[in-house]
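J.: Sequence plus the predicted model coming up.
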Amino acid sequence: MSNLHRVTSDPAICHGKPVVRGLRYPVADLLDLLAAGMSIEDILDDYPDLEREDLLAALEFGALAAGNRVVVPFDAA
């Protein structure tokens, strides 16, 4: 099941960068944490307002973007 519906974009939040659930957590920053070796559990411990599905959405978004597919976050203006 896709979690992409959790990725949104709003010019008023993080300058329109893709974020999860309208929170101020850019997808790129979450992917950087995962790429640096943090586990999903570590990230959730450090950022309690995030949910596991948020990180899975970030991974899905990154995978689609890396595959040269056009990805438009929900709520994109």
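T.: Nice, thanks for sending it over. Numbering: from 1, shown residues only.
J.: Run through the helices of the chain in chain order.
T.: With DSSP state H as the definition, the chain shows helices at residue ranges 27-35, 40-46, 52-66.
J.: Against residue 4, how distant is residue 39?
T.: Residue 39 is 22 Å from residue 4, where distance means C-beta to C-beta, to the nearest Å. Bear in mind the C-beta positions are built from the backbone N, C-alpha and C, glycine included.
J.: Compare these two (neighbour count), which wins?
T.: Set side by side, residue 39 and residue 4 show more neighbours around residue 4, with 15 against 11, by other C-beta atoms under 10 Å.
J.: Give me the pLDDT for the more buried one.
T.: Looking at residue 4, its pLDDT reads 92.
J.: so how far is residue 68 from residue 3?
T.: Distance of residue 3 to residue 68, computed by C-beta to C-beta: 21 Å.
J.: Same check on residue 41?
T.: 31 Å.
J.: More neighbours: which of those two?
T.: The residue with more neighbours, out of residue 41 and residue 68, is residue 41; 10 against 6, by other C-beta under 10 Å.
J.: From residue 11, how far out is the nearest residue to residue 51 once chain neighbours are set aside?
T.: Distance criterion C-beta to C-beta, 6 or more residues apart in numbering; nearest residue to residue 51, sequence neighbours excluded, is residue 44 at 7.5 Å. As judged by C-beta to C-beta, residue 44 and residue 11 stand 28 Å apart.
J.: what's the answer for residue 17, then?
T.: 10 Å.
J.: cool, and residue 1?
T.: Distance from residue 1 to residue 11, by C-beta to C-beta: 29 Å.
J.: and what of residue 22?
T.: Residue 22 is 12 Å from residue 11, by C-beta to C-beta.
J.: Which one's more surrounded, these two?
T.: Shown here are residue 22 and residue 11; by other C-beta under 10 Å, residue 22 has more neighbours (16 against 10).
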